[in-house]
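J.: No letters, just coordinates:
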């Protein structure tokens, strides 16, 4: 499966092309200084080479800062995973039309060989070039501030580094032509967008994980002893906790007051015995002593055939004041349905619970369709307003909605909706829905 994906950010593209131009210019002027040819004249070429060297150093400083601020430095951490497959691909596979052994994403841009080569350039070749270049520069200035006996060794090292960089650039340019088209990789570095191979199952898992991390729906996971081992930011916000370390490793009992703890204990026992709980109303005890209300889903965590814990989602219903008490006693049998839309409102992913709520048999019936299929004509305008708000950066939680199912029937749910960011750009909307069809509501989105 191929997908157009945003891979290269704005500064990354600027840095890449600026670095390429400076390396070419430094090579051109450097080889003239070396006596290989004459274009600018010796005095002029030395001055231009020095100016380019200072510009290159400034670019390096900004690039280092950007890499550490954005976390992009992690892209260069070497790995041996798939390295044999990558070598085999470059030696023979590339000529046989073999699939690429690794998938490029914004979080994993480089294959194992690229990581090693780029790290070597950044930590060895470029620093050596900068160091030997500045020894050259300051050695010829008055009073010889760099105390070295001669430049013959420095010249050899600097020249060898120049040839190494030149060889890298030639190989790099050649490999850019091995994409889907000869210019596709170059176009990607100009626009930031590249058509890449993606694993469909892996892509869905990644989307769901992102939704869990960023959603207004609170995610939690506890082990078999009842200790909390993971929560997302939305869960922390609902429980009014700013420090994750105050939660991780603690028993779930602190999330309820004494009055409601037995109910939670019974629920945990049922789930650890294999039962799935969906859409259960609950009252939580927040870290500041206040209380809130939410809908809860809970599933057993099964690893290697054994139940090792429990996980699920909570959706806040504290702000739906007119309906809260009704919900608290009436909501039953709901499922956490996940959905994802692109910026045009096209459905790109849903999970099994979503399909069940909308009474579809498989994903092929909805993937690629516009979200308007999920509403009756009278409710489409309200959903469009919700979509516009989210595409403008709003996060919505606890919204009440009426859905149109495949068979023409209707159902009611409460939903969360979050913008999907790639870089600084909003490229879609995703979230969760919990069924509340048993409740008589008059409010919608």
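T.: Okay, I see it. Because the structure is a prediction, the values reported are computed rather than measured.
J.: Which elements pack onto the helix or strand hosting residue 400?
T.: Assessed by DSSP states H and E, residue 400 sits inside strand 396-404. Counting contacts by 3 or more Cβ pairs under 8 Å, 6 or more residues apart in numbering; DSSP states H and E, strand 396-404 is packed against strand 306-316, helix 377-391, strand 410-422, strand 425-435. Where C-beta positions appear, they are placed from N, C-alpha and C, glycine not excepted.
J.: Kindly recompute the last result at 7 Å.
T.: Counting contacts by 3 or more Cβ pairs under 7 Å, 6 or more residues apart in numbering; DSSP states H and E, strand 396-404 is packed against strand 306-316, helix 377-391, strand 410-422.
J.: Indicate which one of these is closest to residue 179.
T.: Smallest distance to residue 179 across the helices and strands packed on strand 396-404 (Cβ to Cβ): 20.3 Å, for strand 410-422.
J.: Residues in contact with that closest one: which ones?
T.: Where contact means Cβ atoms under 7 Å, 6 or more residues apart in numbering, the residues beyond strand 410-422 that reach it are 6, 106, 214-217, 295, 315, 317, 357, 376, 386, 390-391, 393, 395-405, 426-437, 439, 441.
J.: okay, and for the stretch 151-300 of the chain, where does confidence drop off?
T.: 197-216, 278-279 (pLDDT under 70).
J.: Strands along that one, start to end?
T.: Using DSSP state E, counting those that start in this stretch, the strands of the stretch 151-300 of the chain run over 193-197, 218-223, 228-231, 277-285, 291-303.
J.: Now name the helix or strand holding the closest residue to residue 49 other than its chain neighbours.
T.: Nearest residue to residue 49 in three dimensions, chain neighbours excluded: residue 29, at 4.0 Å (Cβ to Cβ, 6 or more residues apart in numbering). In this structure, residue 29 sits in helix 10-33 according to DSSP H and E.
J.: Buried ones in that helix, by neighbour count?
T.: 12-13, 15, 18, 22-23, 25-32 (16 or more other Cβ atoms under 10 Å).
J.: got the contact list for residue 308?
T.: Residue 308 makes contact with 223-224, 301, according to Cβ under 7 Å, 6+ apart.
J.: Select from those residues the one having the most neighbours.
T.: Most neighbours among these, by other Cβ atoms under 10 Å: residue 301, with 18 neighbours.
J.: Which pLDDT value goes with the closest residue to it other than its chain neighbours?
T.: Distances taken as Cβ to Cβ, 6+ apart put residue 309 closest to residue 301, at 4.1 Å, once the chain neighbours are dropped. Residue 309 carries a pLDDT value of 93.
J.: burial of residue 309, as a residue count?
T.: For residue 309, the neighbour count with other Cβ under 10 Å is 22.
J.: what bridges to it?
T.: Counting by DSSP bridges, residue 309 forms beta bridges with residue 223, residue 301.
J.: Just to check, it is in contact with residue 221?
T.: Yes. When contacts are counted by Cβ atoms under 7 Å, residue 309 is listed as touching residue 221 (6.3 Å).
J.: Just the pLDDT at the residue nearest the centre of the chain, thanks.
T.: Centroid check for the chain by Cα atoms, centre = their mean gives residue 107 as the closest residue, at 6.2 Å. Note on residue 107: pLDDT of 71.
J.: From residue 161, how far out is it?
T.: Distance, residue 107 to residue 161, using Cβ to Cβ, to the nearest Å: 31 Å.
J.: do you know which of the helices and strands packed on strand 396-404 lies nearest residue 76?
T.: Proximity to residue 76 (Cβ to Cβ) singles out strand 410-422 among those, at 21.1 Å.
J.: overlap in contacts of residue 309 and residue 221?
T.: Between them, residue 309 and residue 221 share the contacting residues residue 301, judged by Cβ under 7 Å, 6+ apart.
J.: for the protein, what spans make up the helices?
T.: 10-33, 42-70, 83-88, 94-96, 112-120, 126-139, 152-176, 184-191, 200-214, 233-238, 258-272, 321-330, 352-358, 377-391 (DSSP state H).
J.: so which of these gets nearest residue 289?
T.: Ranking these by proximity to residue 289 (Cβ to Cβ) places helix 258-272 first, at 13.3 Å.
J.: isn't residue 32 right up against residue 46?
T.: No. Between residue 32 and residue 46 there is no contact under Cβ under 7 Å: 9.2 Å.
J.: re the thing from before, possible to save the helices of the chain as a markdown table with distance to residue 415?
T.: Output for the helices of the chain, formatted as a markdown table (distance: least, Cβ to Cβ, whole Å):
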| stretch | distance to residue 415 |
| --- | --- |
| helix 10-33 | 33 |
| helix 42-70 | 32 |
| helix 83-88 | 42 |
| helix 94-96 | 46 |
| helix 112-120 | 41 |
| helix 126-139 | 50 |
| helix 152-176 | 44 |
| helix 184-191 | 34 |
| helix 200-214 | 12 |
| helix 233-238 | 14 |
| helix 258-272 | 23 |
| helix 321-330 | 14 |
| helix 352-358 | 11 |
| helix 377-391 | 8 |
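J.: Might you list the low-confidence residue ranges for the stretch 301-445 of the chain?
T.: Residues of the stretch 301-445 of the chain meeting the criterion pLDDT under 70: 318-335, 398, 423, 438-445.
J.: Check what contacts stretch 339-354 and list those residues.
T.: Residues from elsewhere that reach stretch 339-354 (Cβ under 7 Å, 6+ apart): 204, 207, 335-338, 363, 366-371, 387, 391, 427-431, 433.
J.: Buried residues of it, list them for me.
T.: Buried residues in stretch 339-354, defined by neighbour count with 16+ other Cβ under 10 Å: 339-341, 345, 347-351, 353-354.
J.: gap between the two ends of it?
T.: Using Cα to Cα, to the nearest Å, the span of stretch 339-354 from its first residue to its last is 7 Å.
J.: thinking again about what came up before, from the contact counts, what lies against the helix holding residue 29?
T.: When contacts are defined as 3+ Cβ pairs under 7 Å, 6+ apart, helix 10-33 packs onto helix 42-70, helix 152-176, helix 184-191.
J.: tell me how far that helix is from the chain's mean position?
T.: Centre-to-centre, helix 10-33 and its host chain are 30 Å apart (Cα atoms, centre = their mean, to the nearest Å).
J.: gap between the closest residue to residue 10 other than its chain neighbours and residue 11?
T.: Nearest residue to residue 10, sequence neighbours excluded (Cβ to Cβ, 6+ apart): residue 192, at 7.1 Å. Counting by Cβ to Cβ, the gap from residue 192 to residue 11 is 11 Å.
J.: try residue 401
T.: Residue 401 sits at a distance of 40 Å from residue 11 (criterion: Cβ to Cβ).
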